[in-house]
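In: Okay, sequence plus prediction incoming.
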Amino acid sequence: MKPLLAPSILSANFAHLEDDIKAAEKGGADYFHLDIMDSHFVPNISFGPWVAKTMKGITDVPLDAHLMITKPREYIPRFVDAGVDLIYPHIEASYDVYRTVQLITDLGARAGITLNPGTPIERVEPLIDLVDSVLLMSVCPGFGGQEFIASTMKKISSLRKLLEELKPSVRIAVDGGVNRKNIKELYKAGADFFIAGSAVFRADDIEGEVRALKAALK
């Protein structure tokens, strides 16, 4: 599968959001990633569905939303209505995660599922038939700019092996500390959907950084 790059707008300059988005779009961004935090599941607050609506007025690039929230089912319909194409709840966020993922697909969006660094990949197996993508956190969720957790490489390889046996079309997304130094190694390990925040939006040349990250995947 063609690898995809999704700049995370959590690291963008919201005073110049449209400029940042247009620069990343011109560089070839495949998605834009929305980090949604509620100060309960993670100790931080970010933004809600209104940002997705704002993004839809700026760009035609698809949106994905990473729901770091304790009650994802209450908000999934709002993000679908706002135009989000792919939604990642956390497997750790609800006891009935199967129903949470099913709701996403019932509403017509594409479903993903997210695993924290300490969550074993075996927990995702019952959900494989419902999801298009599994997002592995390579940092502890809740804050941008963290250092990549090296053990994620092994986790990616193990998950890719499991998916090849069960459903090879499922993508492996990686979020946290992705940059030019490690993106090619992550791709070789089996990931094919890369979320990059600080590496893109804190670069002096946003467009050039997106191009460089995508070039590293060829």
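Out: Done, it's in.
In: in the protein, which spans are helices?
Out: According to DSSP state H, the chain carries its helices in the segments 17-27, 49-56, 72-81, 97-106, 152-166, 183-189, 198-201, 206-215.
In: Name the stretch among the ones you listed that sits most buried.
Out: Comparing those by mean neighbour count (mean count of other CB atoms under 10 Å), helix 198-201 ranks first with a mean of 23. Every residue, glycine included, has its C-beta placed from N, CA and C.
In: what does that helix contact?
Out: 7-9, 11-13, 20, 24, 144-145, 178-180, 206, 209-210, 213 (CB atoms under 8 Å, 6 or more residues apart in numbering).
In: try stretch 86-106
Out: Contacts with stretch 86-106, where a contact means CB under 8 Å, 6+ apart, come from 31, 41, 62-73, 76-77, 79-80, 109-116, 119, 123-124, 126-127, 130-133, 135, 141, 173.
In: Repeat that for stretch 162-177.
Out: The list of residues contacting stretch 162-177 from outside it, by CB under 8 Å, 6+ apart, reads 1, 4, 6, 8, 33, 66, 88, 112, 114, 121-122, 125, 128-129, 131-139, 141, 146-149, 152, 156, 159-160, 186, 190-195.
In: got it, and stretch 64-79?
Out: Contacts to stretch 64-79, defined as CB under 8 Å, 6+ apart, come from residues 6, 31-38, 40-42, 48-49, 52, 84-90, 93-94, 99-100, 103-104, 107, 109, 112, 114, 135, 141-142, 175, 195.
In: Having no further points to raise, I will conclude here.
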